[in-house]
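Student: I would like the atomic coordinates for the input below:
(chains A and B)
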Protein chains: 2
Amino acid sequence: MNNQPIGIFDSGIGGLTVTKEIVKTLPQESIIYIGDTARVPYGPRSDEVITKFALEMVNFLLKRKVKFLVVACNTISAVAYSKIKKFSPVPVLGVLKPAVFKAARISKTGRIGVIGTDGTIKSNAYGELLKKIRPDATIISCACPLFVPIAEEGLNKHKAAKLIAKEYLKELIKARVDTLILGCTHYPLLYKAISETVGDEVILVDSSVPTTEMLKARLTEAKLLGKNRKPTLEFYVTDAPDRVQKVAGRFFGEKLNGRLKKVNLEE
Amino acid sequence: MNNQPIGIFDSGIGGLTVTKEIVKTLPQESIIYIGDTARVPYGPRSDEVITKFALEMVNFLLKRKVKFLVVACNTISAVAYSKIKKFSPVPVLGVLKPAVFKAARISKTGRIGVIGTDGTIKSNAYGELLKKIRPDATIISCACPLFVPIAEEGLNKHKAAKLIAKEYLKELIKARVDTLILGCTHYPLLYKAISETVGDEVILVDSSVPTTEMLKARLTEAKLLGKNRKPTLEFYVTDAPDRVQKVAGRFFGEKLNGRLKKVNLEE
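Tutor: Next up is the predicted model:
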């Protein structure tokens, strides 16, 4: 047993979808979340810069004595995971591996789709890992850049979201994938629009679920599970304009007004 | 007469809509364009950082002996215009003032709408200037964050664009504006969707047109008009992935493949 907090970090607020799942599944864990909202999005930045920014968040969390690190960001997981693992004295888990393992396990036909931001899709991190685990798989990937602003704007249930989903996903539908990885922590907000577009028969893999499952397994294995009677939830962002406060609640599933504290990582 | 180039700069590629208009109206001018595609968007950044980045582009252009500077970016115009003007030894023109003067002049009812990015709308730079020039005006402003990614994704003619325009512009329609300033250099690509949504009777002010008119007037007045027989067009970006090359053409109205040169402003 270990009652120290779990540290979760992301380039912005998308990681709150993962945090929501972790809080639901592991209600006795204390959690510290940090999102680098001042420097989001990381996608267009170089690997060096992404790694530097990510390590600043890791340091912030380690100073607060976290027992475990969750990289709740596809871009950071794709680009900087191994460097973070090497650097960190506590165990680390990203969102990429759990999603890939699950997709590889459940796909019947081996035709697996991956959607994500431009950066994630271009990195081909999902494709490479999938090929390693399941060499017979055919991977069809597709960037959906508008999904993030649609989710952040709260237009995820607007009929325009469905139209854009149709536009983006037509190649995946043509390719008859039977499993689709939502390779961006924002996409669970568009779950319904995506699912209705590709059809019920395609299984969507929302990384927050397998990531939480794997986190629980690894905490159990390392005897790090917490049994806090009064677990604490702390949320930090590097820039907290009104918009972030408002939008963050949609990702976490409950209002976070006034609960986001601003910190400066560059000092 | 002065055959030195005009320097045009923007946080990204939106300024190419202004450049397109300038090339059309002043075909004997040589032009150097620079877009800070590595650090776009500027919107969420602090005023200090925006000013610093903008002055780096100004320096880049001044080294190349430009005779005039056009700030083809609403965010930079709203935040850093006076600092650029103070710093620059050559005349400077932004996109904000020409659009505001035109809107104030043509609006009959004084009910003027302004749309732009979150940053531009929050700065209230348009509203403040409009109130100075036309104190009787009622200004209704509204951020349309999805318009930029829609334009960059080439979905500006997609029916989803129209649906999103309807969603964003409903308050402006309710407020019965008779003039609408497109306060973002990306928005001319959505001209049709916006115009069809607000109706023919609302006059859209695309800043590229009044900016070019004012540029021509100021060049004439200062005897700086060029008469190049073989005017040159140079395009620089701070990051030039394939996407930028492809997208830039849509903004400039002709293909720019291979014509964007990459430079590093931070060296």
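
Student: which ones are touching the residue nearest to A:G113 when sequence neighbours are not counted?
Tutor: Distance criterion CB to CB, 6 or more residues apart in numbering or on different chains; nearest residue to A:G113, sequence neighbours excluded, is A:V177 at 3.7 Å. Glycine gets a C-beta too; all of them are placed from N, C-alpha and C. Contacts for A:V177 were tallied using CB atoms under 8 Å, 6 or more residues apart in numbering or on different chains; they are A:111-113, A:140, A:198, A:202.

Student: right, and the secondary structure at A:E234 would be what?
Tutor: For A:E234, the assignment made with DSSP: H, G, I helix; E, B strand; the rest coil gives strand.

Student: How about A:K227?
Tutor: For A:K227, the secondary structure call by three-state DSSP comes out as coil.

Student: got the residues of the stretch 51-200 of chain A near chain B?
Tutor: A:118, A:145-146, A:149-150, A:152-153, A:155, A:158-160, A:163-164, A:167 (CB under 8 Å from any CB of the partner chain).

Student: Got the phi and psi for A:A161?
Tutor: According to degrees, to the nearest 10, the main-chain angles of A:A161 amount to phi -60, psi -40.

Student: and stretch A:73-88, what's its mean pLDDT?
Tutor: In this model, stretch A:73-88 has a mean pLDDT of 95.

Student: Then stretch A:45-54?
Tutor: Taken as a whole, stretch A:45-54 has a mean pLDDT of 88.

Student: Pull out the buried residues from it.
Tutor: Residues A:45, A:50-51, A:53-54 are the ones in stretch A:45-54 that count as buried (16 or more other CB atoms under 10 Å in any protein chain shown).

Student: what distance separates it from the centre of its chain?
Tutor: 17 Å (CA atoms, centre = their mean, to the nearest Å).

Student: if we look at it, which residues are touching it?
Tutor: By CB under 8 Å, 6+ apart, the list of residues contacting stretch A:45-54 from outside reads A:9, A:11, A:36, A:39, A:42, A:71, A:75-76, A:79-80, A:83-84, A:265.

Student: what's the following helix or strand after the strand or helix carrying A:L69?
Tutor: Take DSSP states H and E as the rule and A:L69 turns out to sit in strand A:68-71. Past strand A:68-71, heading to the C-terminal end, the next element that is a helix or strand (DSSP H and E) is helix A:74-87.

Student: Could you identify the helix or strand that succeeds that next one?
Tutor: strand A:92-94.

Student: Please point out which parts of stretch A:158-171 sit buried.
Tutor: A:158, A:160-169.

Student: One more: stretch A:96-109?
Tutor: Of all the residues in stretch A:96-109, those buried under the rule 16+ other CB under 10 Å are A:96-104, A:107.

Student: Give me the subset of the residues you listed that lies in helices.
Tutor: Those of those mapping onto helices are A:96-104, per DSSP state H.

Student: just to revisit the earlier point, just the closest of the buried residues of stretch A:45-54 to chain B, please.
Tutor: For chain B, the closest of those turns out to be A:R45, at 8.2 Å, with distances computed as CB to the nearest CB.

Student: what about the closest one, distance to A:F53?
Tutor: If you measure A:R45 against A:F53 using CB to CB, to the nearest Å, the figure is 8 Å.

Student: Please apply the same query to A:L215.
Tutor: In terms of CB to CB, A:L215 sits 23 Å off from A:F53.

Student: got it, and A:G183?
Tutor: Using CB to CB, one gets 20 Å for the distance from A:G183 to A:F53.

Student: hmm, back to that, for the residue nearest to A:G113, give me the pLDDT.
Tutor: According to the model's per-residue confidence, A:V177 sits at a pLDDT of 98.

Student: That one: what secondary structure?
Tutor: Using three-state DSSP, the structure places A:V177 in coil.

Student: A:E201: what secondary structure?
Tutor: For A:E201, the secondary-structure state derived from three-state DSSP is coil.

Student: List the contacts of it.
Tutor: By CB under 8 Å, 6+ apart, the contact list for A:E201 reads A:D178.

Student: how far away is it from chain B?
Tutor: Shown here: A:E201 relative to chain B, a distance of 25 Å by CB to the nearest CB, to the nearest Å.

Student: So A:T25 sits against A:K216, correct?
Tutor: Yes. Under the criterion of CB atoms under 8 Å, A:T25 makes contact with A:K216 at 6.3 Å.

Student: contact partners of the host helix or strand of A:I112?
Tutor: Assigning secondary structure by DSSP H and E places A:I112 in strand A:111-116. Contacts of strand A:111-116 with the rest of the structure, by CB under 8 Å, 6+ apart, involve A:74, A:103-104, A:121, A:126-127, A:130, A:137-144, A:147, A:168-169, A:172, A:175-184, A:187, A:194, A:198, A:202.

Student: Report the inter-axis angle for it versus helix A:96-106.
Tutor: For strand A:111-116 and helix A:96-106, the angle between their directions (axes from the mean of the first three to the mean of the last three CA atoms, to 10 degrees) works out to 160 degrees.

Student: in strand A:111-116, what counts as buried?
Tutor: Using 16+ other CB under 10 Å as the burial criterion, the residues of strand A:111-116 that qualify are A:111-116.

Student: okay, the angle between the strand or helix carrying A:K170 and helix B:159-174?
Tutor: Under the criterion of DSSP H and E, A:K170 resides in helix A:159-174. The directions of helix A:159-174 and helix B:159-174 differ by 180 degrees, with the same axes, to 10 degrees as the criterion.

Student: rewinding a little: quick one: which two of the buried residues of strand A:111-116 are the most distant?
Tutor: Between all members of the buried residues of strand A:111-116, the longest pairwise span (CB to CB) is found for A:R111 and A:G116 and amounts to 17.5 Å.
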